[in-house]
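Participant: any chance you could fold what I've pasted below:
(2 chains)
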2 protein chains.
Amino acid sequence: MTTIGADKSNALDLFYGVIPAGGVGTRLWPLSRAAAPKFLHDLTGSGSTLIRATYSRLEPLCGDRTMVVTGTAHRKAVLAQLPELTKNNLVLESEPKDSAAAIGLAAAILYHRDPRIIMGSFAADQVINPVEKFQDAVREAIHTAAEGYIVTIGITPTHPSTGFGYIRTNGNLDIGSAPNALGVTEFVEKPDAETAQAYLAEGGYSWNAGMFVAPVELLLKHLETNEPLLYTGLMEIAAAWDTPKRREVVRRVWPGLPKTAIDYAVAEPAAAAGDVAMIPGDFSWDDVGDFAAIGRLNAASETNNLTVLGEGARVYAENSTGMVVSDTKRVIALIGINDVVVVDTPDALLITTKEHAQQVKKAVESLRASGDTDVL
Amino acid sequence: MTTIGADKSNALDLFYGVIPAGGVGTRLWPLSRAAAPKFLHDLTGSGSTLIRATYSRLEPLCGDRTMVVTGTAHRKAVLAQLPELTKNNLVLESEPKDSAAAIGLAAAILYHRDPRIIMGSFAADQVINPVEKFQDAVREAIHTAAEGYIVTIGITPTHPSTGFGYIRTNGNLDIGSAPNALGVTEFVEKPDAETAQAYLAEGGYSWNAGMFVAPVELLLKHLETNEPLLYTGLMEIAAAWDTPKRREVVRRVWPGLPKTAIDYAVAEPAAAAGDVAMIPGDFSWDDVGDFAAIGRLNAASETNNLTVLGEGARVYAENSTGMVVSDTKRVIALIGINDVVVVDTPDALLITTKEHAQQVKKAVESLRASGDTDVL
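Facilitator: As a prediction, this is how the structure comes out:
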């Protein structure tokens, strides 16, 4: 591994998009669930599913050089959303192995194709506006990565959120082609409210949106150091990926791989080693974490303070406020009920309030405990 | 017509039950609706539909001498509930013609079978407890009817309701076999709140539950006087009823009959003529007028202040109160929502509060106006 930082001139041509499409989106149950996770829904009323919007957002940067990592169960649905995806760029996990394995496998496969590749990993279920500013930030991130960094794109906090991790930066890195690139001193986990307040007061902290751009070689170097077993397994699969032996090797190796997050396996130790940079993201960003977020993102569809989502929605409301997500053709009548969140699907119905939207996850856990797993 | 009051000795043997099963129960939408009206539901968690419970309540008094008047659309469902009902005792209305035609036709058919019959008319969708006290009252009513009265059973008011009409009584009629029989001076329509308060303060007023017992001959006499066209038409149908000509005559005559309520056609003018008596009903009575009533009637099924109705109900609730009526197998999750009324059916969902339960009727009217009649 000696090519790191060697291709500064054509860095943009070396870029490859990676979209990890995992996670059920439990806090959006029963809309989002194992069989139809968050990224397969249009949660913004844009007409596009979140994964399609993610792909389209990257397309001007990488064209068809985009790889998707998702569960075997979602193969058909993902291909329906992304018909241009080639078979070799759809990485299917027979069982979930957490983000280090998912992103690490993409890095390893790409490394085998061309060790100079700079990959950018962007979750399939985020909402970003405007896309041009996102693309500008990614371009700067690619140029910074070409200098030998793992580059994250940090979100400027709009409030002292306790729901996100934070990125702490120090000075500007003085990279000519990436004038906004900052050095990263550390990643910090989701803080309590007091700590979050202190971060905002102090300055120099951004939200960690889990977006990063890195030379695959550098990413794999840190993975090798921190998770040697995982690294070895992924490299073995990667070597077989574009060959007839893929299936056999995946079946043998994948199930035994350790489960860990990319944050622990790569990002945090790389930051400690001084190998991480950050481009500030000058765009609005939402990870659509709960129904309150869906309400925010769909303000345009509000009538009389009631947000209605769903193509076939037949909602009759009288003196009612809140939001209705309809995934059925049923008539839904609301009478004299306020700040309600109604999610109507063929086999499960959720009724809560925006205030309680975060507790949906708990409800799903209780349903699992009670054995009602058919609707999860 | 000269037999009125002629059969005091065997009055109980002359009794015939009549159950008008009409009305959609709009305020219980979407549970109760045109295709599945209120009387076809078990709204008390007893395991019996309301019409089955009504039939069984009358059975000790009249055995199989019970006639049901309902819409053609409900023939199958009613027979499923009342398999012992003979074909000649199931009166099907091809179109609804209001209560005077429905009850008047039953009276006319019974009169043709035996002019001495004393009929008792009891709506199919009321809840009464204990049944023994109801039966005692009906027996007194039959004895009073045999003296030449149209006898209503009045409900002792528990609060100044504005939702019911009232019956005003004067003194005891001194009938040996009916020691509680009172004379009725008038029926008064649903009062405003102030008037209702005055009725309770003054005393001598009972709720009109629409239950009455009368010699068919006397009932028809008043109908003939007040609604001669209706009387003539009903007598023509009745003459053909137990003959092969029934179908032809019904088809020709029924559609042209005037629509009016039995209150105007018989009860009110009969009271003015001094022909009405009342037996006080010493039992609890509910016409299950709205979802709040269903909540009251199902107190036993309350857990943590949440009433759940429906055989296949799969309700998961957290920090929630109110009631859920489930007519599906769907999982329903309630999180942090209070005093809610949820009615879940295959094609329509209602979410309201107990406080707004009376407004359901308005919602149904709006749905009809908007053309969403498939779910009404």
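
Participant: what's the next secondary structure element after the helix or strand encompassing residue A:308?
Facilitator: If you go by DSSP states H and E, residue A:308 is part of strand A:306-309. Per DSSP H and E, the first helix or strand lying C-terminal to strand A:306-309 is strand A:314-318.

Participant: check whether that next one contacts chain B.
Facilitator: Yes: against chain B, strand A:314-318 shows contacts by CB under 8 Å from any CB of the partner chain at A:314, A:316, A:318. To be clear about C-beta, it is placed using only N, CA and C from the backbone, and glycine gets the same treatment.

Participant: got TSV for those residues, with distance to residue A:130 and pLDDT too?
Facilitator: Shown next, in TSV, are the residues of strand A:314-318 next to chain B (distance: CB to CB, whole Å; pLDDT from 0 to 100):
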residue	distance to residue A:130	pLDDT
A:314	33	89
A:316	36	91
A:318	38	90
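
Participant: and those residues, which are buried?
Facilitator: Buried members of the residues of strand A:314-318 next to chain B, scored by 16 or more other CB atoms under 10 Å in any protein chain shown, are A:314, A:316, A:318.

Participant: beta partners for the second one?
Facilitator: Read it as residue A:316. Judged by DSSP bridges, the bridge partners of residue A:316 are residue A:333.

Participant: thought it was touching residue B:364?
Facilitator: No: using CB atoms under 8 Å, residue A:316 and residue B:364 do not qualify as a contacting pair, with a distance of 9.5 Å.

Participant: mind splitting chain A into its structural domains?
Facilitator: With domains defined by automatic domain parsing, chain A comprises A:11-286, A:297-375.

Participant: least confident of those, on average?
Facilitator: When the domains of chain A are compared by mean pLDDT, domain A:297-375 comes last with a mean of 87.

Participant: redo the domains of chain A as CSV? Include distance to residue B:73.
Facilitator: Shown next, in CSV, are the domains of chain A (distance: least, CB to CB, whole Å):
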stretch, distance to residue B:73
domain A:11-286, 34
domain A:297-375, 21
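
Participant: who's in contact with residue A:282?
Facilitator: Each residue near residue A:282 by CB atoms under 8 Å, 6 or more residues apart in numbering or on different chains is listed here: A:133, A:136-137, A:156.

Participant: which of the residues you listed has the most neighbours?
Facilitator: Per-residue neighbour counts (other CB atoms under 10 Å in any protein chain shown) across the contacts of residue A:282 peak at residue A:137, which has 24 neighbours.

Participant: secondary structure class for that residue?
Facilitator: The three-state label given to residue A:137 by DSSP: H, G, I helix; E, B strand; the rest coil is helix.

Participant: residues in contact with it?
Facilitator: So residue A:137 contacts A:153, A:180, A:279-283 (CB under 8 Å, 6+ apart).

Participant: kindly recompute the last result at 6 Å.
Facilitator: Going by CB atoms under 6 Å, 6 or more residues apart in numbering or on different chains, residue A:137 touches A:153, A:279, A:281.

Participant: what about the second one, distance to chain B?
Facilitator: Plainly put, residue A:279 is 39 Å away from chain B if you go by CB to the nearest CB, to the nearest Å.

Participant: identify the bridge partners of that residue.
Facilitator: Beta-bridge partners for residue A:279, by DSSP bridges, are residue A:153.

Participant: for the residue in the stretch 101-250 of chain A positioned nearest to chain B, pull up the helix or strand it's in.
Facilitator: Taking CB to the nearest CB, chain B has its nearest neighbour within the stretch 101-250 of chain A at residue A:163, 18.2 Å off. According to DSSP H and E, residue A:163 maps onto no helix or strand at all.

Participant: all set now, cheers.
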